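Asks: below: sequence and its predicted model.
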Amino acid sequence: MNFKNVKITGICCALFLSLSSISLAQEISNKLDSVSYSVGVLFAKNIKQQGVKELNAEVVAKAINDYMNGETRVIPENECQAMYMSYMKRINEEKTAGAKLSGVAYLAENKEKEGVMVTASGLQYEVITSGTGPKPTASDKVRTHYHGMLIDGTVFDSSVDRGEPISFQVGGVIKGWQEALQLMSVGDKWRLVIPSELAYGSRGAGAKIPPHSTLVFEVELLGIE
């Protein structure tokens, strides 16, 4: 559910208040109650995914009721939108700052581990399995298996989990991968730790990879096509 398309805009005025519990006045026993509860669940899921961690559920309920009944709202609708955008900007700035600091700390710790190599660009790699095949160039198309994670272990993409290797041009992927693949031999399996500036940088990649994320990959080079 896209928050921007939700027409109960008065809800956003509740997003600056602390979390409190709320109970239903009666059991959900009919279709309208079921739909109403479902709307609440989807709304909560949406804002939680956006990084909102606390709100006052009673005030949210009042805002919905006021808006649906056309009553005068405590905070004008246009001010609610501006308030919400300002709040989300602050959340994203805090998230970005946290990702930067966590990434720097992780890279500093990882490079001290036995077997970890660091290139001039800052790419870190560790050989898990050594192959004996040729090395690809930037213009080659390669076939790989990989497992991609954030530094907290969250898996954001994995051909291994899908059970399907993937093929792509070496020159068409993030810089950290481009560099690593041209150092690898067919048959190699490496663990890569890729600094943000060699990955997706300040833009991130969708909902799964926040801005300034240091990324961890296990990559197996299966072949050159």
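Replies: Yes, it's here. Numbers count the residues shown, from 1 in each chain.
Asks: which other helices and strands contact the strand or helix carrying M85?
Replies: Here M85, judged by DSSP states H and E, is contained in helix 77-110. In terms of contacts (3 or more Cβ pairs under 8 Å, 6 or more residues apart in numbering; DSSP states H and E), helix 77-110 is packed against strand 189-194. For glycine as for every other residue, the C-beta is placed from the backbone atoms N, C-alpha and C.
Asks: the strand it packs on packs against which elements?
Replies: Against strand 189-194 (3+ Cβ pairs under 8 Å, 6+ apart) you get helix 77-110, strand 124-129, helix 175-183, strand 215-224.
Asks: give me the domain ranges for the chain.
Replies: 3-89, 111-224 (automatic domain parsing).
Asks: and these, which one's lowest on average pLDDT?
Replies: Of all the domains of the chain, mean pLDDT reaches its minimum on domain 3-89 (a mean of 71).
Asks: coming back round to it: a markdown table please, covering the helices and strands packed on strand 189-194 and showing distance to A207.
Replies: Formatted as a markdown table, the helices and strands packed on strand 189-194 follow (distance: least, Cβ to Cβ, whole Å):
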| stretch | distance to A207 |
| --- | --- |
| helix 77-110 | 12 |
| strand 124-129 | 26 |
| helix 175-183 | 21 |
| strand 215-224 | 15 |
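Asks: now T214. Nearest residue, chain neighbours left out?
Replies: G103 (3.4 Å; Cβ to Cβ, 6 or more residues apart in numbering).
Asks: residues contacting the one you found?
Replies: By Cβ atoms under 8 Å, 6 or more residues apart in numbering, the residues touching G103 are 151, 195-196, 212-214.
Asks: got it, and G51?
Replies: So G51 contacts 88, 91-92, 95 (Cβ under 8 Å, 6+ apart).
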